[in-house]
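Student: sequence first, then the predicted structure:
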Amino acid sequence: MTATRLRPPPYVLGRRWLAGASSDPRFIYGAWTRGRAALVPVSCRFDAIQVDDVSRTRAMVEELRTSERVTGPVLVDHGARTSYWLVPVRPDALWAMRDSELLTDRGDRPMVAMPAPGVGQVDGREWLVDPDGSGALTAHADLAVALRLARMAEGRRLRGREPARRTCGRPQPAETRKPRT
């Protein structure tokens, strides 16, 4: 009988992939072993786009999934009410969407505190979409479209709650109305 080798679960592969973004993966694993989020460097395997309004994040994930676009890892920081989307490294990338920022290495070596995939919320942060070790990342253009559509949906929802505006003058009381002839 031959032994079959079982493939590790996706969250284990995701941990290996994230830790591999560091020049010293032991540092990352050490923080995770202590139940903490680890500072993972950006711009080695991925860049990150920080979106400032976490309320749009689920709508953006749903938009990407229903449009059958690749949805890479998405990290939510509940304390700061932001989300981080892992995107491909593109040194020439420009990102000009409001309420968001491209985190890439422009000489400042940015880091993002990330919990281990598969453990739930740690230090107020959790993965909405776990890294699975495949290296799948959300494309910049797809994320921009999803963000724009989420904003539009939010605007429609807010306008639906506003009281109706009057477009005509106030009606005159019955006694001052002139009878029609």
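Tutor: That came through, no problem. Numbering: from 1, shown residues only.

Student: residues near the nearest residue to S22 once chain neighbours are set aside, how many?
Tutor: The shortest distance from S22 to any non-neighbouring residue, by C-beta to C-beta, 6 or more residues apart in numbering, is to I28 (5.2 Å). Heads up, the C-betas are built off the backbone N, CA and C, glycines and all. For I28, the tally of surrounding residues (other C-beta atoms under 10 Å) stands at 22.

Student: in this structure, which spans are helices?
Tutor: Along the chain, the stretches classed as helices by DSSP state H are 10-19, 25-33, 57-66, 140-161.

Student: quick one: closest of those helices to M111.
Tutor: helix 25-33 (10.8 Å; C-beta to C-beta).

Student: hmm, who's touching that closest one?
Tutor: Here helix 25-33 makes contact (C-beta atoms under 8 Å, 6 or more residues apart in numbering) with R15, L18, A19, S22, A37, A38, L39, V40, P115, A116, V119.

Student: let's go with 7 Å and repeat that
Tutor: In this structure, residues lying in contact with helix 25-33 by C-beta atoms under 7 Å, 6 or more residues apart in numbering are L18, A19, S22, A37, A38, V40, A116.

Student: tabulate those residues (TSV), appending neighbour count.
Tutor: Output for the contacts of helix 25-33, formatted as TSV (neighbours: other C-beta atoms under 10 Å):
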residue	neighbour count
L18	27
A19	20
S22	18
A37	22
A38	25
V40	24
A116	25
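
Student: what about those residues, which are in strands?
Tutor: Residues of these located in strands (DSSP state E): A38, V40.

Student: now, among the contacts of helix 25-33, which is nearest to W95?
Tutor: Distances from W95 to the contacts of helix 25-33, taken by C-beta to C-beta, are shortest for V40, at 19.5 Å.

Student: distance of that closest one from A116?
Tutor: According to C-beta to C-beta, to the nearest Å, V40 stands 11 Å off from A116.
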